[in-house]
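J.: whatever this is, show me its structure:
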Amino acid sequence: MMKKEDMNIVIVGHVDHGKSTLMGRLLADTDSLPEGKLEQVKETCRRNSKPFEYAFLLDALKDEQSQGITIDTARCFFKTEKRDYIILDAPGHIEFLKNMITGASRAEAALLMIDAKEGVQENSRRHAYMLSMLGINQIAVVINKMDLVDYDEKVYESVKAEYLEFLKQINITPKFVLPVSSFMGENIVKKSDKMPWYDGMCILEVLDNFECEQDKENQPFRMPVQDVYKFTRNGDDRRIVAGTVETGKIRPGQEVIFYPSGKKSHVKNIEVFNADPIEEGKPNMAIGFTMVEQIYITRGELMSIAGELAPKTASRIAANIFWLGKKDFTPGKIYYLKIGSEKVKMELESIKGVINSSNLSSTEEKTAVARHEVAECILRTDKPIAFDTVEDLAGTSRFVIVDNYEIAGGGIITAALEDEEQEIREGTMLRNYKWEISDVSVEERIEHYAQKPNMIVLTGPEGTGKKKLAKILERELMNCGRYVYYMGIGSYLYGVGADTKKASIQDHTEQIRRFGEVANLMLDAGMLLIVTATGLTQSDYKIMKTVVDREFEVVWVGKEITTDISPDIQLADKDYEKNVQTIKNMLKESGSIFKA
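T.: You can find the predicted model right below:
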């Protein structure tokens with residue numbers, strides 16, 4: 001027997017326009033509820049002298065009835081003869097739009113609910129705009145509560161005309177528009193006889209007539225790396241790269257490339273939890289991989305198959321964003337961008353245009369993006385990220401923006417833009433692709449030296465004691481049994497970098513790049529590397545971040561930070577003993593040194 005198709009549907013709309021009622025009806029009328037659930041909820045309502053509503057089938061398990069609104073994205077399951085459905089009930093209340101982004105981002109199609117009596121509301125427009133931005137183009141407009149307007153065709157046609165005119169302005173053409181009464185069960189699972197003037201499909205038929213998006217199995221392979229696990233118990237020496245497959249298929253033996261690093265390896269086995277290895281990984285499967293060539297990769301990389309469409313990498317991106325934050329989205333402030341399993345610092349570089357999502361008024365000259373506005377922006381991240389544009393693969397183009405631990409916006413990437421590190425990044429990716437992998441693994445070096453490789457960059461103005469601090473720190477770490485080396489900038493500049501010691505900006509960039517390459521080799525050998533440099537800038541940091549294949553720590557030595565760099569810690573006085581202890585504590589917290 002062939003497995004039925006799966007489809008994710010999101011239901012969106014203004015608060016109280018009937019989304020939860022529709023979901024409850026679908027569950028009840030397709031016999032998809034747990035046995036006895038309908039009767040249980042009806043009895044609870046009877047005992048509480050409360051009229052039964054189908055929405056309670058969803059809300060009964062949550063503490064939401066007191067507010068009467070849905071505050072999270074509910075997920076429920078039902079079946080037709082054609083498909084197994086997962087329906088996501090995205091909140092309609094204005095305060096919960098951010099939750100809707102989470103729900104809608106997983107959907108292949110959407111039902112946009114409009115109350116026939118209330119008509120098109122502000123959130124009705126906003127939700128449509130957000131679906132458009134999320135790349136969901138299979139949409140049915142469901143004009144609900146027709147019982148409250150006596151199933152009047154004129155009311156239906158009026159609401160339909162108004163909403164279609166708005167959708168046309170944002171380039172949305174719904175596949176279906178239909179009148180229903182979720183509460184009365186009209187036009188839900190069978191054609192209603194209360195609206196003889198309507199000759200279209202009921203809700204179930206509409207759902208079954210949506211098309212499953214292009215078979216994800218036939219799209220380029222993508223899997224954000226969630227984590228890398230190393231096993232040691234009972235002789236198990238596997239190192240497993242874990243994540244959930246977004247698109248594509250993968251089999252043992254295939255060559256894979258990780259972005260943005262550009263590192264390559266071949267798949268040895270495909271592992272699943274508590275079972276034997278499998279022969280093929282497919283979309284939505286949470287799996288792990290063992291590799292033939294042991295490489296060092298970290299959470300946030302995007303795994304792809306060599307020879308397929310490669311993801312893009314950049315630290316400058318063009319994006320369309322929908323802003324939900326209480327405070328304006330402004331340049332000059334640090335935010336976090338989350339895409340896939342990656343989370344990076346990000347700044348708003350510029351605003352190309354802003355649109356009010358309710359009335360579509362447009363403003364080009366704006367210095368900030370206000371709440372509920374849609375904007376075309378250029379964003380800059382503090383290190384390269386891997387992604388696809390919405391035109392290539394919508395799922396891996398979507399991101400959210402975090403401000404003070406809260407989701408403040410969401411959007412899609414429309415283009416990768418040139419940045420100052422592009423040429424260097426391309427060279428680094430080629431280096432990683434051609435890298436001769438040692439038979440000694442990263443884990444073996446970590447275990448042997450009882451430390452994780454790390455670079456401590458001491459920077460600041462001249463005359464702050466950076467070199468002295470570096471040498472004292474080196475001695476202290478060596479006395480503790482650490483594999484450590486201090487490399488002063490002079491040791492590099494008059495050696496490997498001798499031909500770059502000129503005054504031009506280009507030579508300075510090349511100096512930083514080569515310095516990063518030397519540091520990368522020493523970190524690959526498992527060292528704790530201490531370096532000193534005067535007045536590093538954020539631009540210098542980004543070049544080093546592009547070249548050096550591991551995280552590293554930046555320590556500003558001095559009372560005043562005189563460049564635009566954002567150090568991990570600042571040491572404001574010359575108490576060397578205290579400063580050494582501070583740096584050691586930082587290394588312990590980062591997991592670089594362990595074993596007392």
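
J.: for the residue most central in space within the chain, which residues are in contact?
T.: For the chain, I339 is the residue whose C-alpha lies nearest the centre (CA atoms, centre = their mean; 2.3 Å). By CB atoms under 8 Å, 6 or more residues apart in numbering, the contact set of I339 is I385, F387, T396, R398, F399, I413. C-beta: built from backbone N, CA, C; applies to glycine.

J.: what is the nearest of the residues you listed to M455?
T.: Nearest to M455 out of these is I385 (CB to CB; 21.3 Å).

J.: tell me the bridge partners for that closest one.
T.: A314 (DSSP bridges).

J.: you'd agree D227 is in a strand?
T.: Yes: according to DSSP: H, G, I helix; E, B strand; the rest coil, D227 belongs to a strand.

J.: can you give me how far the helix or strand hosting A375 is from the chain middle?
T.: Per DSSP states H and E, A375 falls inside strand 373-387. Distance of strand 373-387 from its chain centroid, counting by CA atoms, centre = their mean, to the nearest Å, is 12 Å.

J.: with stretch 428-448 instead?
T.: On CA atoms, centre = their mean, the centre of stretch 428-448 falls 28 Å from the chain's centre.

J.: endpoints of that stretch, how far apart?
T.: 28 Å (CA to CA, to the nearest Å).

J.: stretch 331-338 too?
T.: Span of stretch 331-338 from end to end, CA to CA: 18 Å.

J.: then stretch 429-444?
T.: First-to-last residue span, stretch 429-444, CA to CA: 25 Å.

J.: what average pLDDT does that stretch get?
T.: The pLDDT scores in stretch 429-444 average 83.

J.: got a list of contacts for that stretch?
T.: Here stretch 429-444 has contacts from 230, 239, 257, 259-264, 293-296, 313, 517, 526, 549, using CB under 8 Å, 6+ apart.

J.: is N284 part of a helix or strand, or is it coil?
T.: Going by three-state DSSP: N284 is coil.

J.: surely it and V245 touch.
T.: Yes: assessed by CB atoms under 8 Å, N284 is found in contact with V245 at 6.6 Å.

J.: out of these two, which sits in the more crowded spot?
T.: Neighbours per residue, other CB atoms under 10 Å: of N284 and V245, the larger number sits with V245, 22 against 12.

J.: quick one: the helices in the chain, in order.
T.: With helices called from DSSP state H, the chain shows them at 19-29, 37-47, 56-59, 97-104, 122-133, 153-169, 203-209, 422-434, 442-449, 466-479, 489-493, 505-524, 538-547, 576-589.

J.: in PDB, list the C-alpha atoms belonging to stretch 10-23.
T.: Output of stretch 10-23 as PDB, limited to C-alpha atoms (Å, rounded to 0.1, in the frame of the first residue of the first chain):
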ATOM      1  CA  VAL A  10      -1.500  27.100   8.100                       C
ATOM      2  CA  ILE A  11      -4.800  28.800   9.100                       C
ATOM      3  CA  VAL A  12      -4.400  32.600   9.600                       C
ATOM      4  CA  GLY A  13      -6.700  35.500  10.200                       C
ATOM      5  CA  HIS A  14      -7.800  38.300  12.500                       C
ATOM      6  CA  VAL A  15      -8.700  37.400  16.100                       C
ATOM      7  CA  ASP A  16     -12.200  35.800  16.500                       C
ATOM      8  CA  HIS A  17     -12.600  35.200  12.800                       C
ATOM      9  CA  GLY A  18     -13.000  31.500  13.400                       C
ATOM     10  CA  LYS A  19      -9.700  29.700  12.900                       C
ATOM     11  CA  SER A  20      -9.900  27.500  15.900                       C
ATOM     12  CA  THR A  21     -13.600  26.700  15.200                       C
ATOM     13  CA  LEU A  22     -12.700  25.600  11.700                       C
ATOM     14  CA  MET A  23      -9.900  23.400  13.000                       C
END
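
J.: now the residue nearest to G409 when sequence neighbours are not counted: how far from E118?
T.: Counting by CB to CB, 6 or more residues apart in numbering, I401 is the residue found nearest to G409 once chain neighbours are left out, at 4.1 Å. Shown here: I401 relative to E118, a distance of 31 Å by CB to CB, to the nearest Å.

J.: compare these two and say which is more crowded by neighbours.
T.: Shown here are I401 and E118; by other CB under 10 Å, I401 has more neighbours (25 against 15).

J.: mind listing what the more buried one touches?
T.: I401 neighbours (CB under 8 Å, 6+ apart): 321, 325, 329, 335-338, 346, 407-411.

J.: so it bridges to which residues?
T.: L337, G409.

J.: tell me the pLDDT of it.
T.: Per-residue pLDDT puts I401 at 92.

J.: just L148 next, same as before
T.: With respect to pLDDT, L148 scores 93.
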